[in-house]
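Engineer: I would like to see how this sequence folds:
(chains A and B)
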Amino acid sequence: MAPVDKSKVPWWVSNLIVPLVNLTLALLVSGLFIFIAGENPYQAVRLIIYGSFGYIEGFAYTLYYTTNFIFTGLAFAVAFHCRLFNIGGEGQAYIGGLGVFLVAVNFSFLPVPMVWLLSIAGAMVFGAAWAFIPAYLQATRGSHVVITTIMFNFIAASLMVFLLVDVIRDTAQMGPHTVALPKEQWFPSFKDFAALFGIKIRYSPLNISFLLAIAASFFVWFLVWKTRWGYEMRAVGHNTQAAIYAGISPYKNIIIAMCISGGLAGLLGVNEILGVHHKIVAGFPAGYGFTGIAVALMGRNHPIGIFPAAFLFGILYQGGSEVTFDMPNITRYMFVAVQGVIILFSGALENLFRPQIESFFVNRLNIKASA
Amino acid sequence: MEFLSDIASLINSTLRISTPLVFAAMAGIFAERSGVIDFSLEGKMLMAAFVAAVGSYFLGNPWLGLLLAIIACVSLSMLHGFASVTYKGDQVVSCVAINILIIGLTTALAAAWFGQAGLTPTLSEDQRFLEVNLPFAETLRDVPIIGTIYSDILSGHYIFVYLAYLSVPLVFWVVFKTSFGLRLRAVGENPSAVDTAGINVFAMRYKALAINGVLIAFAGAHLSTAVNANFFREMSAGRGYLALAAMIFGKWHPKTALVACLLFGFTDALQIRLQGVDLPVIGEIPVQLIQAIPYVLTVVLLAGFVGKAIAPNAIGQPYIKER
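Structural biologist: Below you'll find the predicted structure:
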């Protein structure tokens, strides 16, 4: 098939139709997996939709997951614009959570809004610091960030378990977690908000971090597309040699991109610790860091795409837990597999039907134009 | 004499622990020498472990389990090739997709078929590989030094251990001494020159990936049907990445990669030894920190404090034939 002139392809074909076709393919393959596991895929889809939209608590959970996926999706996307694969979001989020907790505990004498702001900063600084070493090694020694960030995930997990068991554990309790933060430091939750309107909700993990996630999306959009630095970073990602000729330092940009990426991943800790657990619980990043990769690739690494992609994964996660309740053969790992399939079709295999779809639409538009 | 037997058992476990790393590093050499990045060693190893355990459980024969694992891994390699060679997708994304897919799929299917814990049933003795005692190991045991080396270090391993170390010279021979190997390396360095010479670049890369799939299957089968008697969730535990780091550290050469694998194996064996031991000066190191040592070592090795690693020139780039 002859390649199509890219400039003639309408934006909605390449940014809307093609991703939707790829997503549909991914979901069909996922349905096959559910079938292999011995359950009815159609029934599973119904449960997913009911679980994520069917009742208000369920919908709030969907948005809570969306919050996490926006953070980790943005994190992956920023690094990806510099052609860096930061798959260490998991570890950066874990360490970011440590930053949140340490700030909140040590600055508890300050007024609460100040503590919140400092905790957010703490999350970003700690997350960025955890991304810095892989970034530095990539920039100076060419050590591939995919391996180093994965290793830093393992190291972060070991370090945090060590800290939670031996150093900052709540000694009055058995489990590997810290003491809870004082109640006034907790982020206002959707439950409090709904109560203002007289709606009673039993429990909801959704909290104002959701707004922080939207703010972070704007921040990323502005940073990557509207600042000089964002331009430099994309230039390095696009063509390092050309960037060097233009006087742009790849070294500096690689490190900054990774640190911002790590900082964004660290924000996951804000949602989880100030918003939900109110303490550090062992293993709280729970795979959100990896899901961020799928979210970013599906959202074509743009905040406008990442938001719906994060929402879609929110639906999959929340609806998925409904499925695991009702279908004994399905565990949450099935939805990890679904993520893999989505990354495959919307990332690696994105060119599978792109030429066909694009030329189909370009030809139709040509016919229309000449008629 | 206790010191000597300590050393012997440390070397013995080093050889055993390094085995999956050696297979994976050799598998990585084939893919990467042909110009295809393979971060999906991790996922493929996990897949092989799962398929070998399940296959052997249902078919009652570990060799059939291994055969199925080979088929599964070659299929995954072909999928990687399909995405990144034929469709010119991003090779790293393809690998990340395969890894996440397999982590989810193996655990989900184990849970669906065998119960919620995500374990496969324990294999009986005839469903798994057993230790191989080399001839005369018993008679030679009491001979000083030779007895220790032969009976305590070399004998009594699983078949995979011997196969792994045999595969190293074999891979060296194929990659550096045959015309296939010459073409393989050329495809990874300068695909357009190879194309001009009338060799099909795509076919070469697919062949390399097929060999890669066969080799990595042995690593997975070793984990679930030899050293362990079942599959459990994420049992590859980053070994695919460690092997890749060993391969890079070994500069894409079988011999140096082997040395790096043994270094990893030794660190891991030592790490297991050090758990709960009261060391002089430092005292007892917490077990969580000791377990992180192989991962820290990987980063240190990759940082290349022993010289920069030069990858095959065309690595990671899809080959686009000019029209």
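
Engineer: and the longest helix seen in chain A, what's buried?
Structural biologist: Assignment by DSSP state H gives helix A:112-141 as the longest helix of chain A. Neighbour-count burial for helix A:112-141, counted by 16 or more other CB atoms under 10 Å in any protein chain shown, picks out A:115-116, A:118-120, A:122-131, A:133-139. Glycine gets a C-beta too; all of them are placed from N, C-alpha and C.

Engineer: which secondary structure elements does it contact?
Structural biologist: helix A:89-106, helix A:145-162, helix A:250-269, helix B:293-302 (3 or more CB pairs under 8 Å, 6 or more residues apart in numbering or on different chains; DSSP states H and E).

Engineer: ok, now with 6 Å
Structural biologist: Packing partners of helix A:112-141 (3 or more CB pairs under 6 Å, 6 or more residues apart in numbering or on different chains; DSSP states H and E): helix A:89-106, helix A:145-162, helix A:250-269.

Engineer: of those helices, which shows the lowest average pLDDT?
Structural biologist: Sorting those by mean pLDDT places helix A:145-162 lowest, at a mean of 91.

Engineer: got a list of contacts for that one?
Structural biologist: A:84-88, A:90-91, A:94-95, A:134, A:137-138, A:282, B:39, B:238, B:241, B:245, B:286, B:288-289, B:291-292, B:295, B:298-299, B:302 (CB atoms under 6 Å, 6 or more residues apart in numbering or on different chains).

Engineer: can you put the helices and strands packed on helix A:112-141 in CSV and add distance to B:Ala219?
Structural biologist: Below are those laid out as CSV (distance: least, CB to CB, whole Å):
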stretch, distance to B:Ala219
helix A:89-106, 24
helix A:145-162, 17
helix A:250-269, 31
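
Engineer: out of these, which comes closest to A:Leu16?
Structural biologist: Comparing those by their distance to A:Leu16 (CB to CB), the top pick is helix A:250-269, with 25.2 Å.

Engineer: the helices in chain B, which residues?
Structural biologist: B:2-33, B:41-59, B:62-81, B:91-114, B:137-140, B:146-147, B:159-177, B:179-189, B:191-196, B:201-222, B:239-249, B:254-274, B:287-291, B:293-302.

Engineer: and the helices and strands packed on helix A:112-141 as TSV, adding mean neighbour count?
Structural biologist: Shown next, in TSV, are the helices and strands packed on helix A:112-141 (neighbours: other CB atoms under 10 Å in any protein chain shown):
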stretch	mean neighbour count
helix A:89-106	27
helix A:145-162	24
helix A:250-269	27
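
Engineer: go through the ones you listed and name the closest to A:Val78.
Structural biologist: Of the helices and strands packed on helix A:112-141, nearest to A:Val78 by CB to CB is helix A:250-269, at 4.7 Å.

Engineer: mind giving me the packing neighbours of whatever helix or strand comes next after that closest one?
Structural biologist: Per DSSP states H and E, the first helix or strand lying C-terminal to helix A:250-269 is helix A:288-298. Here helix A:288-298 touches helix A:56-81, helix A:89-106, helix A:303-326, helix A:333-343, going by 3+ CB pairs under 6 Å, 6+ apart.

Engineer: the next helix or strand after the last one packs against which elements?
Structural biologist: Spelled out, it's helix A:333-343. Per DSSP H and E, the first helix or strand lying C-terminal to helix A:333-343 is helix A:354-370. Taking 3+ CB pairs under 6 Å, 6+ apart as contact, there are no helices or strands that helix A:354-370 lies on.

Engineer: make it 8 Å
Structural biologist: Right, helix A:354-370 is packed against helix A:18-36 by 3+ CB pairs under 8 Å, 6+ apart.

Engineer: buried residues in the helix it packs on?
Structural biologist: Judged by neighbour count (16+ other CB under 10 Å), helix A:18-36 contains these buried residues: A:18-19, A:21-23, A:25-27, A:29-31, A:33-34.

Engineer: and these near chain B, which?
Structural biologist: Here is what survives when these are matched to chain B using CB under 8 Å from any CB of the partner chain: A:Phe33.

Engineer: of the buried residues of helix A:18-36, closest to A:Val78?
Structural biologist: Using CB to CB, the buried residues of helix A:18-36 come closest to A:Val78 at A:Pro19, 19.7 Å.

Engineer: wait, the closest one touches A:Ser346, no?
Structural biologist: Yes: the criterion here is CB atoms under 8 Å, and A:Pro19 meets it with A:Ser346 at 6.0 Å.

Engineer: now for these two: what residues contact both?
Structural biologist: A:Met298 (CB atoms under 8 Å, 6 or more residues apart in numbering or on different chains).

Engineer: what sits up against stretch B:199-209?
Structural biologist: By CB under 8 Å, 6+ apart, stretch B:199-209 touches B:30-31, B:33-36, B:77-78, B:80-81, B:85-86, B:180, B:183-184, B:186-187, B:191, B:194-195, B:319, B:321.

Engineer: how about 6 Å then?
Structural biologist: B:30-31, B:34, B:36, B:77, B:81, B:85, B:183-184, B:187, B:191, B:194-195, B:319.

Engineer: any chance of these in CSV, with distance to B:Ile159 too?
Structural biologist: Formatted as CSV, those follow (distance: CB to CB, whole Å):
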residue, distance to B:Ile159
B:Phe30, 22
B:Ala31, 24
B:Ser34, 28
B:Val36, 29
B:Ser77, 23
B:Gly81, 29
B:Val85, 33
B:Arg183, 31
B:Leu184, 27
B:Val187, 32
B:Pro191, 37
B:Val194, 37
B:Asp195, 40
B:Tyr319, 38
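
Engineer: ok, which pair from these is furthest apart?
Structural biologist: Going by CB to CB, the pair spanning those furthest: B:Ser77 and B:Asp195, at 21.9 Å.

Engineer: so what's the residue count around B:Gln91?
Structural biologist: By other CB atoms under 10 Å in any protein chain shown, 25 other residues sit near B:Gln91.

Engineer: hang on, the earlier thing: got the angle for the longest helix of chain A vs helix A:250-269?
Structural biologist: 140 degrees (axes from the mean of the first three to the mean of the last three CA atoms, to 10 degrees).

Engineer: now helix A:112-141 against helix A:56-81, angle please.
Structural biologist: 40 degrees.

Engineer: distance between helix A:112-141 and the chain's centre?
Structural biologist: 16 Å (CA atoms, centre = their mean, to the nearest Å).

Engineer: likewise stretch B:200-211?
Structural biologist: From the chain centre to the centre of stretch B:200-211 is a distance of 20 Å (CA atoms, centre = their mean).

Engineer: for stretch A:318-332, same thing?
Structural biologist: Taking CA atoms, centre = their mean, one finds the center of stretch A:318-332 at 22 Å from the center of the full chain.

Engineer: how near is A:Ile244 to B:Lys321?
Structural biologist: Distance, A:Ile244 to B:Lys321, by CB to CB, to the nearest Å: 29 Å.

Engineer: about what we covered before: how about the buried residues of helix A:18-36 in JSON lines, adding pLDDT?
Structural biologist: Formatted as JSON lines, the buried residues of helix A:18-36 follow (pLDDT from 0 to 100):
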{"residue": "A:Val18", "pLDDT": "86"}
{"residue": "A:Pro19", "pLDDT": "84"}
{"residue": "A:Val21", "pLDDT": "89"}
{"residue": "A:Asn22", "pLDDT": "88"}
{"residue": "A:Leu23", "pLDDT": "88"}
{"residue": "A:Leu25", "pLDDT": "91"}
{"residue": "A:Ala26", "pLDDT": "90"}
{"residue": "A:Leu27", "pLDDT": "90"}
{"residue": "A:Val29", "pLDDT": "92"}
{"residue": "A:Ser30", "pLDDT": "91"}
{"residue": "A:Gly31", "pLDDT": "91"}
{"residue": "A:Phe33", "pLDDT": "89"}
{"residue": "A:Ile34", "pLDDT": "89"}
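
Engineer: pick the one among the buried residues of helix A:18-36 closest to chain B.
Structural biologist: A:Phe33 (6.6 Å; CB to the nearest CB).
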